[in-house]
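Visitor: Sequence and computational prediction follow.
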Amino acid sequence: MIYAFQIVNGLGLGMLYCILALGLSVIFGLLRFINFAHGEMFALSAYLVFVVQYFGGSFWLALIVVPLAVMVLGWLLERSLIQFTYNRSHTVQILVTFGIALVIRESLTWIFGPQPHNVTAPESLSGFISIVNFTFPEYRAFVIGLGILTTACFWYVLERTRIGAIIRAASERSEMVMLLGYDARKIFSGAFCVGIALAGFAGVMFAPLRGVDPNIGAEALGIAFIAVTIGGLGSYSGVVVASLILGVAQSLMSTIWPEGASLILYIAMAAVILIRPNGLFGKTV
């Protein structure tokens, strides 16, 4: 029974990893831009949930307001700084976004201190779901359900709407999209903001599970890169599958070998790279 619990728990972790990694994959897949500040946007969102609760606000308010606030911050950074690095080398992109990440991380440490802080789940989801002899926290079940809904909506917009078709076309042939009368610059800016909003959304849902501390941004960035690498660059379905595999593997390992719960993620990435260098669903270059 304990393994069944860990598998379901791993699905919840996997859905969070999925939303986080999809945001990173959107930015890289469309812009070919490496955003090392992605994890700190996740961390900032988690801390903002703590702030909202500290001043008496509800988790539901944070779930709506925080991703929007982080998206606005992402838009300001994109318009004022990041857009000027799109045509530069990946080294420049890494240095600029790594600098942004350091500023955010040190600011969070300076304001909130190095110690962790707890974030409570909404009272309406503080109970447990019992099915036969299986008991599972309501909030974790909520995370799984909302994660599935978010991923499904993302897939539908990307694959079944006109906006999604334009985004996919811009990722392949931006010049052709411009000739058809669309402003590729606005498409790129919008994609960057969507990627940041997804990181923010994942950060909000993550906060009640583990609380907040200055290290969660770096951990989130590493997990997002692992999921994108395993799934395959440019493959959104691959990111979904890889994230679920990572979540379940990490959750099971926390019971079998707790010290290796984080190590298993890097072992999985190394194994996939050795067998399929382009990832599980990546296109062969």
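Guide: Right, received. Where do you want to start?
Visitor: residue contacts, Val26?
Guide: Ala191, Val194, Gly195, Leu198 (CB atoms under 8 Å, 6 or more residues apart in numbering). Every residue, glycine included, has its C-beta placed from N, CA and C.
Visitor: let's see it at 10 Å
Guide: 154, 158, 167, 171, 191-198, 236, 239 (CB atoms under 10 Å, 6 or more residues apart in numbering).
Visitor: what do you get for Ala261?
Guide: By CB under 10 Å, 6+ apart, the neighbours of Ala261 are Ala249, Gln250, Ser251, Leu252, Met253, Ser254, Thr255.
Visitor: thinking again about what came up before, mark which of the contacts of Val26 are part of helices, please.
Guide: 154, 158, 167, 171, 191-198, 236, 239 (DSSP state H).
Visitor: For these, pick the one with the most neighbours.
Guide: Counting neighbours by other CB atoms under 10 Å, Val239 leads the ones in helices among the contacts of Val26 with 33 neighbours.
Visitor: Give me the pLDDT for it.
Guide: You'll see Val239 listed with a pLDDT of 90.
Visitor: Roughly how far does it sit from Tyr54?
Guide: Val239 is 33 Å from Tyr54, where distance means CB to CB, to the nearest Å.
Visitor: go on, Asn118?
Guide: Taking CB to CB, one finds Asn118 at 11 Å from Tyr54.
Visitor: and Trp75, how far is that from Ile144?
Guide: Distance from Trp75 to Ile144, by CB to CB: 30 Å.
Visitor: What are the boundaries of the strands in the stretch 1-150 of the chain?
Guide: 128-131, 134-137 (DSSP state E, counting those that start in this stretch).
Visitor: Export these as a markdown table, with columns for mean neighbour count, distance to Val66 and mean pLDDT.
Guide: Output for the strands of the stretch 1-150 of the chain, formatted as a markdown table (neighbours: other CB atoms under 10 Å; distance: least, CB to CB, whole Å; pLDDT from 0 to 100):
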| stretch | mean neighbour count | distance to Val66 | mean pLDDT |
| --- | --- | --- | --- |
| strand 128-131 | 10 | 26 | 83 |
| strand 134-137 | 14 | 22 | 83 |
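Visitor: Just put the ones you listed in JSON lines and tack on distance to Phe84.
Guide: Listed next are those as JSON lines, based on distance: least, CB to CB, whole Å:
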{"stretch": "strand 128-131", "distance to Phe84": "50"}
{"stretch": "strand 134-137", "distance to Phe84": "45"}
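Visitor: ok, Ser254 - contacts?
Guide: Gln6, Asn9, Gly10, Leu13, Gly260, Ala261, Ser262, Ile264.
Visitor: Neighbours of the nearest residue to the last one once chain neighbours are set aside, how many?
Guide: If the residues on either side of it in the chain are set aside, Ile264 comes closest to Met253, at 4.6 Å by CB to CB, 6 or more residues apart in numbering. Using other CB under 10 Å as the criterion, Met253 is surrounded by 20 other residues.
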